[in-house]
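> Can you look at this prediction? I've put the sequence above it.
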Amino acid sequence: MNCTYSGWRGVLLAGIFLLAPAAGAAEPPVRQILILQSFNRGILVVDHFTGDLRVELDQRAAGKPPNVVQVVVGPTGFVGASEQAVVEFIRSMYADRPPPDLMITIAGPAAVFARKYRGQIFPDTPLLFASVDRRFLSGAPLGENEAAVPVDNNYPGLVDDILQVLPETRQVFMVLGSGLLNKFWRPQLEKEFTRFQDRVTFHWSGDLSFSEVLRRTADLPKNSAIIYLSFGTDASGTAFADERVLAELHDRSNAPLFALHSPLFGTGIVGGHLISVNDLAINTADSAFRILNGAPASSVSVPPQLAGQAIFDARELQRWHIDESRLPAGSEVRHQRPSLWSEYRTVVMVAAGAIAIQAILIVGLLFERRARVRAEIESRKNLTLAADTSRRVTMSALSGSMAHEISQPLSAMIYNAEALQLMINGSRATTENITEILADIHADGILAAEIIERHRAMLRSRKIEKKEVDLQTVVSDTLALVAYDIMERQIEVSVDLPANSCRLHCDPVLLEQVLVNLVINAMDAMEATPPGRRHITISSEARRNEIEIVVHDTGPGLPADLQGRLFTPFVTTKSHGVGIGLAIARTIVEAHGGSIGARNSPVGGAIFTITLPVRGAQEVQPVLPAIVDIVGEPPNT
């Protein structure tokens, strides 16, 4: 047998054990228990038993749990180590310490190892065989200083359960790995299954790889069943955990799956008379403490753990069309889907009452909703009136700028026309002069039309029309709109934009509307500022996916009571304002996938920041009707 040690886990536990301080003279010594484990993790039944046993041992220790060292001596520890190497390692762990007060073996391989090498390890230490099949003890009776908590793994009884719930069963596929368990169990069970030889044929998986096992179980003939013992390793020597094996068997097999131990219930098995691993752990812990408290090991006698009440999984019964009338008498069916009334009677009654109350409330809310709709319509009318007022204020603010801009091309057109008239009257007009003067008049006319159209586009309601534009162009057009007011108010404007072209995917007219609003607000804020200190800075900072546009003035800053409310409709710092401009600006910026914010500058004045995506701005079309509703169509005046 290839016996090994469980690597880092055993070394760690051994180190803790060896470094544990000696108990004081006034306190009783800590009990020392050495557990010889048959398997590393992966054998579901053994894992559950080991965990339950450790908990039960601690609970019985009255606040001073025993010091437990666990060594894997079965086939899944240090692969390749000899049994004698494991023996020497265990002896070295206790070289400078007294031997353990009790040795406990878990499952068959560890029991075989303990009997073989007990004389070399701790011949005088009591030995407790735990979770060992009764068949092992029948072949080798207990010694003088030995006790056992055996298990009656009654697989013939499990076959009886299968034949009761599925009486047409003709084949049973036994899923068992190819290691030591297969060598022990197959000969034993083949003898015990002889009483079924005229009714059932048994097939074994010991010579198959895991993939071959899955293929066989997926292609089983009609009237077949599967019994799962344990797996460990397949014929190729590859190890597999029980959880994975059971999960894949459950998903792929075409026959119902059965097992004998309680930890496997809920993993896809149908059920049957199952052995309670928790009860086995309780009996083992009781026996261990009887020995630790001074009882001779030979006096501790525990009957084999038998299968308990039959338990079945309702989900698997439904899957394989097994009628509950065929289950053994007294069977418990778990995971049933309860009826709504039986399981939630109180909830249903409460829900019915709640529905009745809700119906009354809904009727009342419908009336309230009608009142709210009327109020919202009235509120929208008021908001439209406020937006119209804001638009008129903006038109008034830009009228001087528009008059100043348009006066230049109009004056040039008048001067050019008068000059042409004089040349014609004096018979000095040539074809070249006439053509040149008419070209100048035409160019000035186009310029005047562009100025008018720019202001019309700025002031009229519109739907969003995004396109690729350059930020410098947008800022230049914005300053052109307010150039006259900037000059009249004696304000100095600084522009600090990236040297390289910065392309934005936006509606340039709506973005200009936002910037015009911010610049006009900045000029209004600096009304009380001395002329020499009136300064507006428009700057930008390009980042990876976005650009930040900043408008900074040198006015008194934002009032503290408006922090967080500045972009709310009808909130304003101006005595002549209506408080709708910044709300519209925020709606426009958010429609472009951006954001707008305001704060006071540490050096004085207010800072307004617009953040916009550089390319591919998110289309937020549903926001646009709100913009149109707020701005509205200009009145026909």
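Yep, it's here. Since this is a predicted model, take the numbers as computed values, not measurements.
> I'd like to know how far the residue nearest to R118 when sequence neighbours are not counted sits from G143.
Counting by CB to CB, 6 or more residues apart in numbering, L127 is the residue found nearest to R118 once chain neighbours are left out, at 6.4 Å. Every C-beta, even on glycine, is put in place using the N, C-alpha and C of the backbone. Distance from L127 to G143, counting by CB to CB, to the nearest Å: 8 Å.
> Kindly report the same for P29.
Counting by CB to CB - P29 and G143 are separated by 26 Å.
> repeat for L422
Look at L422 and G143: by CB to CB, they are 139 Å apart.
> same deal with Y228?
34 Å.
> Three-state assignment for R186, please.
Of the three states, R186 takes helix under DSSP: H, G, I helix; E, B strand; the rest coil.
> what do you get for F173?
Using three-state DSSP, the structure places F173 in strand.
> give me the beta-bridge partners of it?
Note on F173: beta-bridge partners by DSSP bridges are H203, I226.
> Can you give me the neighbour number for it?
22 (other CB atoms under 10 Å).
> For it, give its distance to N283.
According to CB to CB, F173 and N283 sit 32 Å apart.
> now swap in E527 and tell me
93 Å.
> Likewise for L410?
In this view, L410 and N283 are 110 Å apart by CB to CB.
> can you check R533 too?
R533 is 93 Å from N283, where distance means CB to CB.
> out of the two, which sits in the busier spot?
More crowded of R533 and N283, by other CB under 10 Å: N283, with 19 against 13.
> Phi and psi next, for that one.
With angles defined as degrees, to the nearest 10, N283 sits at phi -60, psi -40.
> what's the spacing between it and R374?
For N283 relative to R374 (CB to CB), the value is 78 Å.
> residue ranges with poor pLDDT in the stretch 51-200 of the chain?
Within the stretch 51-200 of the chain, the ranges that satisfy pLDDT under 70 run 75-80.
> Which stretches in it count as helices?
For the stretch 51-200 of the chain, applying DSSP state H, counting those that start in this stretch gives helices covering 83-93, 108-121, 134-139, 155-165, 180-192.
> out of those, which comes closest to P559?
Relative to P559, the nearest member of the helices of the stretch 51-200 of the chain by CB to CB is helix 83-93, separated by 77.6 Å.
> The closest one to helix 108-121, inter-axis angle?
If you take axes from the mean of the first three to the mean of the last three CA atoms, to 10 degrees, helix 83-93 sits at 60 degrees to helix 108-121.
> Next, report how far helix 83-93 is displaced from the centre of its chain.
On the basis of CA atoms, centre = their mean, to the nearest Å, helix 83-93 sits 47 Å off its chain's mean C-alpha point.
> just stretch 365-376 next, same as before
Averaging C-alpha positions (CA atoms, centre = their mean) puts stretch 365-376 40 Å from its chain's average.
> send the alpha carbons of that stretch over as CSV?
Extracted in CSV, the C-alpha atoms of stretch 365-376 (Å, rounded to 0.1, in the frame of the first residue of the first chain):
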residue,chain,number,x,y,z
LEU,A,365,-54.3,57.8,-6.2
LEU,A,366,-56.0,57.9,-9.6
PHE,A,367,-57.9,61.0,-8.5
GLU,A,368,-54.7,62.5,-7.0
ARG,A,369,-52.9,61.7,-10.2
ARG,A,370,-55.4,63.6,-12.3
ALA,A,371,-54.9,66.6,-10.0
ARG,A,372,-51.1,66.2,-10.3
VAL,A,373,-51.3,66.1,-14.1
ARG,A,374,-53.3,69.3,-14.2
ALA,A,375,-50.8,70.8,-11.8
GLU,A,376,-47.8,69.7,-13.9
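> Give me the buried positions along it.
In terms of neighbour count (16 or more other CB atoms under 10 Å), stretch 365-376 has no buried residues at all.
> Could I get the helices of the stretch 51-200 of the chain in CSV, plus columns for distance to I311?
Formatted as CSV, the helices of the stretch 51-200 of the chain follow (distance: least, CB to CB, whole Å):
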stretch, distance to I311
helix 83-93, 38
helix 108-121, 25
helix 134-139, 22
helix 155-165, 11
helix 180-192, 22
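> Which stretches in the stretch 251-400 of the chain count as helices?
Going by DSSP H, counting those that start in this stretch, the stretch 251-400 of the chain shows helices at 277-292, 314-319, 340-343, 345-425.
> which one of those has the lowest average pLDDT?
Mean pLDDT values for those show the minimum at helix 340-343, a mean of 65.
> so where's the stretch 501-637 of the chain shaky on pLDDT?
570-580, 615-637.
> try 80 this time
501, 509-510, 513, 561-581, 583-584, 587-588, 591, 614-637 (pLDDT under 80).
> about what we covered before: tell me which of L127 and G143 has more neighbours.
L127 (25 against 12).
> Report the beta-bridge partners for the more buried one.
Beta-bridge partners of L127, counted by DSSP bridges, are M103, E146.
> Do I have it right that it meets Y117?
No: counting by CB atoms under 8 Å, L127 stays clear of Y117, with 11.3 Å between them.
> E368 is nearest to which of the helices of the stretch 51-200 of the chain?
That would be helix 155-165 among these, by CB to CB, at 60.6 Å.
> what's the angle from that closest one to helix 180-192?
Counting by the same axes, to 10 degrees, helix 155-165 lies at 60 degrees to helix 180-192.
> Show me what counts as buried in helix 155-165.
Of the residues in helix 155-165, those buried (16+ other CB under 10 Å) are 155, 158-159, 161-163, 165.
> same thing with stretch 439-449?
Those would be 440-441, 444, 447-448, for stretch 439-449 by 16+ other CB under 10 Å.
> Among those residues, which one sits closest to F113?
The closest of those to F113 turns out to be L447 (CB to CB; 103.0 Å).
> pLDDT at the closest one, what is it?
67.
> again with R454
Model confidence at R454 (pLDDT) stands at 60.
> so I227 makes contact with F258?
Yes: in this structure, I227 is within contact of F258 by CB under 8 Å, at 5.2 Å.
> Need the residues touching each of those two.
158, 162 (CB atoms under 8 Å, 6 or more residues apart in numbering).
> what about these two, which has more around it?
Neighbour count, other CB under 10 Å: between I227 and F258, F258 has more, with 24 against 21.
> Now do the same contact list for the more buried one.
F258 is in contact with 158, 161-162, 225-228, 269-272, counting by CB under 8 Å, 6+ apart.
> can you redo those residues as CSV with distance to I90?
As requested, these are exported to CSV (distance: CB to CB, whole Å):
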residue, distance to I90
L158, 36
D161, 41
I162, 42
A225, 42
I226, 39
I227, 36
Y228, 33
I269, 37
V270, 42
G271, 40
G272, 39
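> and which of those residues is nearest to L137?
L158 (20.8 Å).
> Pretty sure the closest one sits against H273.
Yes: with contact defined as CB under 8 Å, L158 reaches H273; the gap is 7.2 Å.
> Between these two, which contacts overlap?
Counting by CB under 8 Å, 6+ apart, the residues touching both L158 and H273 are A307.
> all strands for the stretch 451-600 of the chain, in order.
If DSSP state E, counting those that start in this stretch is used as the criterion, the strands of the stretch 451-600 of the chain fall at 467-470, 492-496, 503-506, 535-542, 546-553, 595-600.
> Touching the first one from outside, list them.
Strand 467-470 is contacted from outside by 501-508, 511, using CB under 8 Å, 6+ apart.
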